[in-house]
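Peer 1: structural data only, the sequence is not supplied:
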């Protein structure tokens, strides 16, 4: 009997959890910005559609198709509110660190960089 060898997955350094509510017009740009800013890092983006009334579900699904190694999608059955959507996303996060962002880019992903550096200095 031979043992099956598996290649270990690279550790994810950072998870982004983004609750999405009627964010179909903004979420694509935000995902692209995250992808650009953190391209040199192992990261994931978890989009949680919180019962949006626009086509956010379709937009999020297309982002998964476009970036399947990076973007994960959680579809809630109805609107549970931002905090519950965030908690749902956090339960799927695999990164060593996790950042929560709004779907409209109110807090730019670039702001995560100094926070992440500060956390790493504390270790």
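Peer 2: Okay, I see it. Just so it is clear, the structure is predicted and the values come from calculations on it, not from any experiment.

Peer 1: which other helices and strands does the helix or strand hosting residue 73 contact?
Peer 2: Using DSSP states H and E, residue 73 maps to strand 71-75. The contact analysis (3 or more CB pairs under 8 Å, 6 or more residues apart in numbering; DSSP states H and E) places strand 71-75 against strand 43-49, helix 56-66. For glycine as for every other residue, the C-beta is placed from the backbone atoms N, C-alpha and C.

Peer 1: partners of that strand, with directions?
Peer 2: According to DSSP bridges, strand 71-75 forms sheet pairs with strand 43-49 (parallel).

Peer 1: now the partner strand against helix 56-66, angle please.
Peer 2: 160 degrees (axes from the mean of the first three to the mean of the last three CA atoms, to 10 degrees).

Peer 1: thinking again about what came up before, looking at the helices and strands packed on strand 71-75, which is buried most?
Peer 2: Neighbour counts (mean count of other CB atoms under 10 Å) averaged over each of those peak at strand 43-49, with a mean of 25.

Peer 1: as a whole number, average confidence for that one?
Peer 2: Across strand 43-49, pLDDT averages out at 98.

Peer 1: what of stretch 65-80?
Peer 2: In the prediction, stretch 65-80 has an average pLDDT of 97.

Peer 1: could you give the separation of that stretch from the chain centroid?
Peer 2: 9 Å (CA atoms, centre = their mean, to the nearest Å).

Peer 1: about what we covered before: and residue 78, which of the helices and strands packed on strand 71-75 is closest to it?
Peer 2: Of all these, the one in closest proximity to residue 78, counting by CB to CB, is strand 43-49 (10.5 Å).

Peer 1: who's in contact with the closest one?
Peer 2: Strand 43-49 has contacts (CB atoms under 8 Å, 6 or more residues apart in numbering) with 12-21, 27, 31, 34-35, 56-57, 60, 63-64, 67, 70-76, 85-86, 88-89, 92-95, 103.
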